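Visitor: predicted structure and sequence below. I'll ask about it afterward.
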Amino acid sequence: MERVWHGRGFTRPFLWLGAKRHILLPSEGTDVGFRIDNYAYRDSLGRETVTFVRTFDFGVPRRWDATMIYRPERGLVVDYLGTHQHVAVDLHLSVDDRGALLIRSGEQRFHEGQLSCRIPPLVTGAAEVRESYDDDLGRFRIDVRVVNHRFGVDRTGANQAAAAIAQLGALVEVIEDLGPAARRVLRSRLRKAADPA
């Protein structure tokens, strides 16, 4: 990777939290070595599945794991992120005017057992990935940009987003300890919060 970087300092705690589950990269660097291991298989539901294990060398290895499944009824790919696959992201694929594969992220959801809710756009990043082959260099090119339009633009919005992410992080930490009844109550409350109508 030519360059790996992230936003302002207040994003670091969230990057470290995501790194625990192999969802985010808290490190920065240039000319970062990396390896991608791909595993294609049929999951327990019989769906064709590909798992990507990306390992980046920042002096200390950092992983970013994802499992992708095509959803023909929705016409998109769903990317389940991290070791626990708590975060699901809709991916919309197309080809740009230069022939590169263009992948744009869409709705993002949090899943844990029976609990499932949308993650508000305020606390997510919009990803745009371009993959192509550079004939002149004789190698593949990948450009990845993840942007949250509220962070760093409006301090109030950034503080609100930071507070929401901290709450989501706390939820991730305790959810595995909840019993079935508590999970049902929590799922019901999150659904009501996500759909106030």
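Guide: Done, it's in. What you are looking at is a predicted structure, and each value in this text was computed from that prediction instead of being measured.
Visitor: list phi and psi for Pro72.
Guide: Pro72 adopts backbone torsions of phi -60, psi -30, taken as degrees, to the nearest 10.
Visitor: ok but Arg74 is inside a helix, no?
Guide: No. Arg74: not assigned to a helix; according to DSSP: H, G, I helix; E, B strand; the rest coil it is coil.
Visitor: does Ala182 count as helix, strand or coil?
Guide: Classified using three-state DSSP, Ala182 is helix.
Visitor: how many residues are close by it?
Guide: As a burial measure, Ala182 scores 13 neighbours (other CB atoms under 10 Å). (Each C-beta comes from the backbone N, C-alpha and C, glycine too.)
Visitor: relative to Leu93, how far out is Ala100?
Guide: 11 Å (CB to CB, to the nearest Å).
Visitor: those two - which one has more neighbours?
Guide: Ala100 (17 against 13).
Visitor: kindly provide the distance from that one to Met68.
Guide: 18 Å.
Visitor: could you do Ala181 as well?
Guide: In terms of CB to CB, Ala181 sits 33 Å off from Met68.
Visitor: which one of these two is surrounded by more residues?
Guide: In this view Ala181 and Met68 are compared by other CB under 10 Å, and Met68 has more residues nearby, 17 against 8.
Visitor: which SSE is the more buried one in?
Guide: Using DSSP states H and E, Met68 sits in strand 61-71.
Visitor: elements contacting the helix or strand following that strand?
Guide: Using DSSP H and E, the next helix or strand after strand 61-71 towards the C-terminus is strand 76-81. For strand 76-81, the contact count by 3 or more CB pairs under 8 Å, 6 or more residues apart in numbering; DSSP states H and E identifies strand 61-71, strand 87-95 as packing neighbours.
Visitor: contact partners for Tyr80?
Guide: Going by CB atoms under 8 Å, 6 or more residues apart in numbering, Tyr80 touches 66-69, 87-88.
Visitor: and it, how far is that from Pro72?
Guide: In terms of CB to CB, Tyr80 sits 17 Å off from Pro72.
Visitor: ok, back up a step: can you name every helix or strand that the strand holding Met68 contacts?
Guide: By 3+ CB pairs under 8 Å, 6+ apart, strand 61-71 packs against strand 48-57, strand 76-81.
Visitor: single out the most deeply packed of those strands.
Guide: Comparing the helices and strands packed on strand 61-71 on average neighbours per residue, with mean count of other CB atoms under 10 Å, the densest one is strand 76-81 at a mean of 18.
Visitor: who does that strand pair up with?
Guide: In the sheet, strand 76-81 lines up against strand 61-71 (antiparallel), strand 87-95 (antiparallel) (DSSP bridges).
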